[in-house]
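Novice: sequence? don't have it. structure:
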């Protein structure tokens, strides 16, 4: 007995609701469908389906096998797709979405290398800090900065970035330094519009205890570079990822605040709709970015001073 074929027939019977409709879907005869199901039940020594003249229903054993069998068939289809795509030359237009600041600072320098390596792929890059719907808006791939990953798409982690509370020396000369998170409520702050926690800044101490502080923001912006520019001019305290402000911290243009406390790290993710039938162009792009950001990411290779 071809067990994989038997699983396929059995799962199709359950999905279609009858032996006849399963036979039509599989382009075979109802007798063949019946034979495969009977052989599978005989092989497993258990009844999988309750049959009546009008419908079929799953037994308890059948329900367990259906769920696992369906998963096995999906994994086989995925493996076949990967093998197929691996033999194809990546080509065609690849629509990729990324956040503005990260796209300019850390992705743009990589594109010439990718183009040289994969001349058959035409890059169509869109930069926006808005969270796009990959499927509805027609993207092949999105780079997203997130703590939460994705509930609806496949996410591959490319790198991690720290979030740093910081301010310019000029601001600190005028207003002093906060010593504990609660002190932030008495300072002028600069906020990021798309922050999941809005104006409540959350910091962890050395024992991983959370300190949540409601801050007063004199400005919000939906782009990190705008917030960074205001902080550099002494407008207030902000928190920003190291991929954006690491060099400012190293050069002393911004000063890291609240030693002993930290914000949760964020992940740089490559998101795509499904592992199944992953096109060659998406596969090579994800692999290329994973290699480019492997190990310590470029923004953290020289740790910013405390």
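Specialist: Everything's here; your move. Treat the numbers as computed from the prediction; the structure is a model and nothing was measured. Numbers count the residues shown, from 1 in each chain.

Novice: in the stretch 101-250 of the chain, which ranges drop under the pLDDT threshold?
Specialist: 148-153 (pLDDT under 70).

Novice: what are the ranges of the strands in it?
Specialist: For the stretch 101-250 of the chain, applying DSSP state E, counting those that start in this stretch gives strands covering 121-127, 141-146, 154-161, 163-167, 188-192, 200-204, 210-214, 216-221, 238-241.

Novice: Save the ones you listed as CSV, and put in distance to residue 43 and mean neighbour count too.
Specialist: Quick note: C-beta positions are derived from backbone N, CA and C, even for glycine. Shown next, in CSV, are the strands of the stretch 101-250 of the chain (distance: least, CB to CB, whole Å; neighbours: other CB atoms under 10 Å):
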stretch, distance to residue 43, mean neighbour count
strand 121-127, 47, 15
strand 141-146, 43, 21
strand 154-161, 34, 18
strand 163-167, 56, 23
strand 188-192, 59, 22
strand 200-204, 55, 17
strand 210-214, 54, 13
strand 216-221, 64, 16
strand 238-241, 56, 26
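
Novice: Can you tell me which of those is nearest to residue 15?
Specialist: With CB to CB as the criterion, residue 15 lies closest to strand 154-161 of these, at 23.2 Å.

Novice: Name every strand pairing with the closest one and say which way it goes.
Specialist: strand 266-272 (antiparallel) (DSSP bridges).

Novice: what sits up against the partner strand?
Specialist: Contact with strand 266-272 is made by 102, 134, 140-147, 149-150, 153-161, 163, 241, 243, 278, 282, 285-286, 289-290, 293, 297, as judged by CB atoms under 8 Å, 6 or more residues apart in numbering.

Novice: Next: stretch 211-226.
Specialist: 99-101, 129-130, 180-182, 184-185, 187-194, 197, 199-205, 227, 230, 235-236, 240-241, 244, 261.

Novice: ok, now with 7 Å
Specialist: 100-101, 129, 181-182, 184-185, 188-194, 199-203, 205, 227, 230, 235-236, 240, 244, 261 (CB atoms under 7 Å, 6 or more residues apart in numbering).

Novice: Over to it now: how far is its first residue from its last?
Specialist: Using CA to CA, to the nearest Å, the end-to-end distance of stretch 211-226 comes out at 26 Å.

Novice: Of all residues in this protein, which one is nearest the centre?
Specialist: By CA atoms, centre = their mean, the mean C-alpha position of the chain lies nearest to residue 155, the distance being 3.2 Å.

Novice: care to break this protein down by domain?
Specialist: Under the assignment automatic domain parsing, the domains of the chain span 3-86, 92-161+267-300, 163-264.

Novice: Without its sequence neighbours, what residue ends up closest to residue 143?
Specialist: When the adjacent residues along the chain are set aside, residue 143 lies closest to residue 98, with 4.0 Å between them (CB to CB, 6 or more residues apart in numbering).

Novice: Count the neighbours of that neighbour for me.
Specialist: Neighbour count for residue 98, taken as other CB atoms under 10 Å: 24.

Novice: and residue 213, bridged to which residues?
Specialist: Bridge pairing for residue 213 - DSSP bridges - gives residue 201.

Novice: Do a quick rundown of the helices in the protein.
Specialist: 3-16, 19-26, 30-44, 60-86, 100-102, 111-117, 169-175, 224-232, 242-251, 280-292 (DSSP state H).

Novice: from the middle of its chain, how far away would the shortest one be?
Specialist: I take that to be helix 100-102. The chain centre lies 16 Å from the centre of helix 100-102; the measure is CA atoms, centre = their mean, to the nearest Å.

Novice: Show me the contact partners of it.
Specialist: Contact with helix 100-102 is made by 127-129, 143, 145, 223-225, 243-244, as judged by CB under 7 Å, 6+ apart.

Novice: Let me know the closest of the residues you listed to residue 3.
Specialist: Looking across the contacts of helix 100-102 and measuring by CB to CB, the closest to residue 3 is residue 143, at 41.1 Å.

Novice: Pretty sure that closest one sits against residue 106.
Specialist: No: Residue 143 lies out of contact with residue 106 (CB atoms under 7 Å); the separation is 9.3 Å.

Novice: sorry, back to before: output the helices of the chain as a markdown table; include the columns mean neighbour count and distance to residue 93.
Specialist: Shown next, in a markdown table, are these (neighbours: other CB atoms under 10 Å; distance: least, CB to CB, whole Å):
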| stretch | mean neighbour count | distance to residue 93 |
| --- | --- | --- |
| helix 3-16 | 19 | 34 |
| helix 19-26 | 18 | 34 |
| helix 30-44 | 16 | 42 |
| helix 60-86 | 14 | 16 |
| helix 100-102 | 20 | 21 |
| helix 111-117 | 12 | 13 |
| helix 169-175 | 14 | 46 |
| helix 224-232 | 20 | 28 |
| helix 242-251 | 19 | 27 |
| helix 280-292 | 18 | 8 |
